[in-house]
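[1] Fold the following.
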Amino acid sequence: MTKVIVVGCGIIGAAIAYELSLMSHLDVTVIEQNKPASDSTGAALGVLMGIISGKTKSRAWRLREKSLKRYETLLPELESQTGTTIPVNRQGILKLVFAEDKLEKWQKLQQTRQEQGWQLAIWHREYLFQKCPQIENDNIIAGIYSPQDRQINPKILTEALVKAATQNGVNFQLGVRVTDYKNQLLVTNQGLLELDYLIIAAGLGSTPLTTSLQQTLDLRPVLGQAMKIKLEKTLGLKDFQPVITGKDIHIVPLGNQEYWLGATVEFPDEAGEVIAETELLETLKQNAIAFCPALANGKVIETWYGKRPRPQGQAAPVIEKLAGYDNIILATGHYRNGVLLAPATALEVRDLIS
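    Just a heads-up that it's a prediction; the model follows:
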């Protein structure tokens, strides 16, 4: 048996653990110092902006397309094996186009997606307001509707991945902290662990671990705040509740007249620190009300934030062997696309081991 240790159990680590658990010759252990999905994953909205992303070629699109295809088989797989119902919004994503935007680029993207075998529709103003009467703004000129993009509850998905991987024989060690790596041995606060492969999927925790390996991966925290709003009645049409995004703000339907609203993008200061600023969350809400006025009547029932790992000086995400090591694989630095790219990342890691 080949011994594989995955460090980190957010959505990325859990997806890797599950995918590797399907390979009978691997003995997989996952190390996590907190609870699964307790950091960046726990604060994610789970909006899978793949087809509507604007990425059309090279690695950026390849990973998105691979993830979207794997999700269509992965979700029923997990639900069947674990008995868990994973909340998925299959009504697509609607992106609002404002007067200052260039509609021509969306027309070009629509043609590209058609050639690639994906759907993308351009709605004129009148049709947009008919389908989504909750949207009101004179500056909106069109809507881009992507029916094959999804939104998934990231925490429940991670829990399902962990449950399925556990059933397949993966050993999850929670509350364990990695301190060092020496000569094929992972040093933890609970003792030494032998390994053949080490997968680093620890988000921002990947930086200190790679530093101990003399190959520092520079990941910077970018904070995102979000809120949950409760309304007296459903926004728009009850039978059409897509994710709506405008001005980089997502309105995510949850059912029961509840909506997630997010998320801010807050960069660290010169010292590398980033602290949640409550006034930015209020600004986000007001900006959303500017194109969806009914949100003003909502009651904020929850707020939260999380720090996303953003690579400095290289593209996100980082999925590769660590320089100087044949058996250490980086699977981290997904920035704002961890949930979207988790399945593709797991498949890439599987191929690197194979």
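[2] What strands flank the worst-scoring helix or strand of the chain on mean pLDDT, and is each parallel or antiparallel?
    Among the helical and strand segments of the chain, the one scoring lowest on mean pLDDT, DSSP states H and E is strand 178-182, with a mean of 90. Strand 178-182 has the following sheet partners, assigned by DSSP bridges: strand 185-188 (antiparallel).
[3] Alpha carbons only: can I get the helix or strand just after the strand it pairs with in CSV?
    Following strand 185-188 in sequence order, the next helix or strand is strand 191-194 (DSSP states H and E). Taking only C-alpha atoms (Å, rounded to 0.1, in the frame of the first residue of the first chain), the coordinates of strand 191-194 have been written out as CSV:
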residue,chain,number,x,y,z
GLY,A,191,3.7,11.8,17.1
LEU,A,192,5.4,10.7,13.8
LEU,A,193,3.6,9.5,10.7
GLU,A,194,5.3,7.6,7.8
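[4] Show me which positions of strand 191-194 end up buried.
    Leu193 (16 or more other Cβ atoms under 10 Å). Any C-beta I mention is one placed from the backbone N, CA and C, and that applies to glycine too.
[5] How far away from the center of its chain is it?
    Here strand 191-194 is found 31 Å from its chain centre; the criterion is Cα atoms, centre = their mean, to the nearest Å.
[6] ditto for stretch 173-181
    Averaged C-alpha coordinates place stretch 173-181 at 24 Å from its chain's average position (Cα atoms, centre = their mean).
[7] now do stretch 33-47
    Relative to its parent chain, stretch 33-47 has a centroid offset of 9 Å by Cα atoms, centre = their mean.
[8] Start and end of that stretch, how far apart?
    Its start and end residues considered, stretch 33-47 measures 26 Å (Cα to Cα, to the nearest Å).
[9] buried ones in that stretch?
    33, 36-47.
[10] picking that back up, list of residues touching the least confident helix or strand of the chain?
    Residues lying outside strand 178-182 but in contact with it, judged by Cβ atoms under 8 Å, 6 or more residues apart in numbering, are 7, 31, 33, 186-189, 198, 202, 209, 212-213, 328.
[11] Likewise for stretch 78-90?
    So stretch 78-90 is contacted by 18, 75, 150-153, 156-157, 159-161, 163-164, 167, 241-243, 252-254 (Cβ under 8 Å, 6+ apart).
[12] buried set for it?
    Across stretch 78-90, burial judged by 16+ other Cβ under 10 Å covers 78, 82, 86, 88-89.
[13] Kindly report the same for stretch 123-131.
    Of all the residues in stretch 123-131, those buried under the rule 16+ other Cβ under 10 Å are 123, 128-129, 131.
[14] The buried residues of stretch 78-90 in strands, which ones?
    Per DSSP state E, strands hold the following members of the buried residues of stretch 78-90: 88-89.
[15] about what we covered before: using TSV, lay out the contacts of strand 178-182 together with pLDDT.
    Supplementary listing: those in TSV, determined by pLDDT from 0 to 100:
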residue	pLDDT
Val7	98
Ile31	98
Gln33	94
Leu186	93
Val187	93
Thr188	94
Asn189	93
Leu198	97
Ala202	97
Leu209	94
Ser212	90
Leu213	92
Ile328	97
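[16] possible to save those as CSV with distance to Leu94?
    Listed next are the contacts of strand 178-182 as CSV, based on distance: Cβ to Cβ, whole Å:
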residue, distance to Leu94
Val7, 38
Ile31, 40
Gln33, 39
Leu186, 46
Val187, 49
Thr188, 46
Asn189, 47
Leu198, 42
Ala202, 35
Leu209, 40
Ser212, 45
Leu213, 44
Ile328, 42
